[in-house]
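Asker: Coordinates for the following, if possible.
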Amino acid sequence: QVQLQESGPGLVKASQQLSLTCTVSGGSITIKYYGWSWIRQSPGKGLEWMGVIGYDGVAYYSPSLKSRTSISRDTSKNQFSLHLSSVTPEDTAVYYCARQRVVGAGEYDYWGQGTQVTVSS
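Answerer: Purely as a prediction, here's the structure:
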């Protein structure tokens, strides 16, 4: 059974960088052809895909967030991380990590429980 768990600060000040980590258990993040995504949901809005890092370490980003977003991984810890720079109160959201069955396509079959991040002005 694959499990994903987000961790990171619940409160970030505006203009700072937000960093979140997703720890994966029950399966390696290097197994073909899975993708490991970050998705968020702001209050009153739908789910927003932020980016994905594939089994091969190649990352892809949402065009609207690309200039502020990077996704990295630590295969020794079976973790992948989101880094979002220059945050504003509009980045307040519940942040989820999720596994995609095929990187860049396919369904999301496992999700973390989500972590609330609030950006203070």
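Asker: which SS state does the residue most central in space within the chain fall under?
Answerer: The chain has Trp38 as the residue nearest its centroid, 2.4 Å off, counting by Cα atoms, centre = their mean. For Trp38, the assignment made with DSSP: H, G, I helix; E, B strand; the rest coil gives strand.
Asker: Please name the bridge partners of it.
Answerer: Gly51, Cys97 (DSSP bridges).
Asker: Setting aside sequence neighbours, what's the nearest residue to Gly57?
Answerer: Using Cβ to Cβ, 6 or more residues apart in numbering and skipping residues adjacent in sequence, the residue nearest Gly57 is Arg73, 6.4 Å away. Quick note: C-beta positions are derived from backbone N, CA and C, even for glycine.
Asker: Mind telling me what element the one you found is part of?
Answerer: strand 69-74 (DSSP states H and E).
Asker: ok, residues contacting that strand?
Answerer: With contact meaning Cβ atoms under 8 Å, 6 or more residues apart in numbering, strand 69-74 is reached by 29, 36, 38, 50-53, 57, 59, 61-62, 79-85.
Asker: what about that strand, average pLDDT?
Answerer: Mean pLDDT, strand 69-74: 98.
Asker: With stretch 39-53 instead?
Answerer: Per-residue scores along stretch 39-53 average to 95.
Asker: any chance you could map the strands in this protein?
Answerer: 3-7, 11-13, 18-25, 35-41, 47-54, 59-61, 69-74, 79-84, 93-102, 105-111, 115-120 (DSSP state E).
Asker: So which bits of stretch 62-74 are buried?
Answerer: Neighbour counts using 16 or more other Cβ atoms under 10 Å place Leu65, Arg68, Thr69, Ser70, Ile71, Arg73 of stretch 62-74 among the buried residues.
Asker: Could you figure out how far the worst-scoring helix or strand of the chain on mean pLDDT is turned away from strand 47-54?
Answerer: Within the chain, no helix or strand scores below strand 105-111, which has a mean of 92 by mean pLDDT, DSSP states H and E. Interaxial angle of strand 105-111 relative to strand 47-54 (axes from the mean of the first three to the mean of the last three Cα atoms, to 10 degrees): 100 degrees.
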